[in-house]
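Sharing a model prediction with you, sequence too.
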Amino acid sequence: MTVFRMRANTSALRDFVVKRPSLKRICGKLLHNARTVTALALHPKSTVKRLWFRHKHRSKPPHDILCWRRGCAIKLRSNSVLAELLYVGVGFEEAESTVLRTITKQAMTVFDVGANVGVHTVVLAKIVGPNGRVFSFEPCPTTAAYLRANVQLNELSNVEVVSAALSDVGGEVDFFVFDDGNDVYNSLGAQVRPVEGLRAKATINVRAITLDVFCKSNNIEHIDVLKLDVEGAEEKVINGGMGIIGRSRDLAIVAEVCDRSAVQCGCSSRRLVQHLIDMGFKAFRIGPDVLTAVAGLDSFIPGSYVFSRSTGRLLAAGKRGLRGRELVE
């Protein structure tokens with residue numbers, strides 16, 4: 001499409017918009033917004049993509065759309081909070097994705113806990129190849145259906161989708177579900193998103209299992225990469241996997257650590273970080289261009305982290321294309 005091939009300059013942008021009445025009306029409504037004007041000036045190509053997405057998809061009832069992520073097809077709902085970011089191609093966990101891709105190698109065993117529709121799952125499955133395995137956990141039935149569809153869409157035979165929540169205990173547990181389009185916030189305990197102004201719309205019962213029990217049942221002796229994004233319940237996942245984590249000496253953990261959600265789950269972000277440090281992991285906060293070492297809780301702030309027992313692995317990952325990312329200790 002022309003929108004993706006146009007040159008990023010002001011005259012081309014103006015001509016493109018003027019020749020399309022529907023897009024011109026959208027821009028006209030937004031021109032009073034200083035942020036939109038600034039975005040158009042600084043990032044014309046991606047901003048026009050966003051405007052086009054909103055016109056083409058957000059102006060209609062929610063429906064399925066197809067986006068692409070590093071050569072992988074992603075099917076999801078048009079009103080998902082992920083949809084616009086994936087459609088435009090920028091803004092969705094870019095730094096975290098870079099770290100995950102560069103610490104993952106062929107034939108590794110990867111756990112994607114809190115997989116949602118599988119954005120990370122499908123990319124990592126391509127990296128580990130036919131001799132590797134990806135276990136993708138998503139307890140919400142409707143979201144898990146899209147996860148399975150994306151695994152099939154990308155013809156991945158090395159992915160096992162697990163319709164269960166990982167926690168510190170097994171059995172039936174309550175799972176808080178947000179409305180259509182906001183399922184990325186579904187959680188074992190966090191019912192309120194104060195920043196987004198959202199509240200869970202329903203509570204469903206889902207099956208929970210511990211990481212240790214799952215690994216024992218499936219004869220998994222070690223994990224190479226563990227991605228955790230379970231909206232505040234990360235500490236519960238770690239507590240339920242102390243055995244396999246202890247045996248996985250080369251394990252790297254990439255986790256989102258958020259105080260607001262953790263408290264609602266009866267967890268503590270600071271306690272989680274300190275616990276992993278006490279287990280011999282080194283903690284690094286993931287930033288746009290740098291991995292910053294966190295020696296203790298005095299330098300802890302909420303955000304995304306990578307935990308590894310060896311900085312050598314992270315340095316090796318940097319040499320393999322971490323796009324200039326540096327380790328700061």
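Alright, I've got the coordinates.

What is the helix or strand hosting residue 45 packed up against?
Secondary structure assigned from DSSP states H and E places residue 45 in helix 44-53. Counting contacts by 3 or more C-beta pairs under 8 Å, 6 or more residues apart in numbering; DSSP states H and E, helix 44-53 is packed against helix 2-5, helix 10-18, helix 21-30, helix 34-42, helix 83-88. For every residue, glycine as well, the C-beta is placed using N, CA and C.

rerun at 6 Å
Contacts defined by 3 or more C-beta pairs under 6 Å, 6 or more residues apart in numbering; DSSP states H and E place helix 44-53 against helix 83-88.

strand partners of the following helix or strand past the helix holding residue 45, parallel vs antiparallel please.
Moving toward the C-terminus from helix 44-53, the first helix or strand encountered (DSSP H and E) is strand 64-69. Using DSSP bridges, strand 64-69 pairs in its sheet with strand 72-77 (antiparallel).

So for the strand it pairs with, mean pLDDT?
In this model, strand 72-77 carries a mean pLDDT of 96.

so for the helix holding residue 45, what's the average pLDDT?
Per-residue pLDDT over helix 44-53 has a mean of 79.

Show the low-confidence segments of the chain, by residue range.
For the chain, the stretches flagged by pLDDT under 70 are 1-44, 313, 315-329.

Go through it and flag its longest strand.
What stands out as the longest strand in the chain, according to DSSP state E, is strand 202-210.

That one: partners in the sheet, and parallel or antiparallel?
Each strand paired with strand 202-210, and its direction, by DSSP bridges: strand 165-167 (parallel), strand 171-177 (antiparallel).

Report the spatially closest residue to residue 287, excluding sequence-adjacent ones.
residue 95 (6.5 Å; C-beta to C-beta, 6 or more residues apart in numbering).

For burial, what's the neighbour tally of that neighbour?
Number of residues near residue 95 (other C-beta atoms under 10 Å) recorded here: 19.

Next: residue 306.
25.
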